[in-house]
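K.L.:
what would the 3D arrangement of this be:
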Amino acid sequence: MIDSISNSPPPANRQQKAAAADSQTSLASQTENAKVDGQMKTKIAETTDNVKLSELAATALSNAEFDQEKTTRIKEAIEQGNYPLDHKRLAESFLALEQLISDNA
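P.N.:
Okay, here's the model as predicted:
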């Protein structure tokens, strides 16, 4: 059916065509986004980080010593809820940390 005044399809038909065009555009956009996402994931997967320690750091790590017995005692005390906390010392440490952060900001 043709609109006699404008010699064009009725409005409902135009709306259907517009909706179909929008749907195709949306589908094309989604397909393109999927391609970009896939390319980004591939690039991320191909990227690797490498860390090379200085000779001094490597030596320090290889010669690192710690008191296993003390570590075990502390772990057990924490698990049992018997590890003493010095609240004043903790607060002072937080204050020093915040001052350090604000000085570097």
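
K.L.:
could you use CA atoms for every contact and neighbour count after this?
P.N.:
Noted.

K.L.:
tell me the mean pLDDT for the helix or strand encompassing residue 98?
P.N.:
In this assignment (DSSP states H and E), residue 98 forms part of helix 87-104. For helix 87-104, the mean per-residue pLDDT is 90.

K.L.:
what residues does the host helix or strand of residue 78 touch?
P.N.:
For residue 78, the host element (DSSP H and E) is helix 68-80. With CA atoms under 8 Å, 6 or more residues apart in numbering as the contact definition, helix 68-80 has outside contacts at residue 83.

K.L.:
going forward, count from 70.
P.N.:
With the count now opening at 70, the last piece we talked about shows up as helix 137-149.

K.L.:
just the CA trace of it, in PDB.
P.N.:
C-alpha atoms of helix 137-149 as PDB (Å, rounded to 0.1, in the frame of the first residue of the first chain):
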ATOM      1  CA  GLN A 137      62.000 -21.300  61.300                       C
ATOM      2  CA  GLU A 138      61.300 -22.000  65.000                       C
ATOM      3  CA  LYS A 139      60.300 -18.400  65.700                       C
ATOM      4  CA  THR A 140      58.100 -18.300  62.500                       C
ATOM      5  CA  THR A 141      56.400 -21.500  63.600                       C
ATOM      6  CA  ARG A 142      55.700 -20.100  67.100                       C
ATOM      7  CA  ILE A 143      54.300 -16.900  65.700                       C
ATOM      8  CA  LYS A 144      52.000 -18.800  63.200                       C
ATOM      9  CA  GLU A 145      50.700 -21.000  66.000                       C
ATOM     10  CA  ALA A 146      50.100 -18.000  68.300                       C
ATOM     11  CA  ILE A 147      48.100 -16.200  65.500                       C
ATOM     12  CA  GLU A 148      46.000 -19.300  64.800                       C
ATOM     13  CA  GLN A 149      45.200 -19.600  68.500                       C
END
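
K.L.:
great, nothing more from me.
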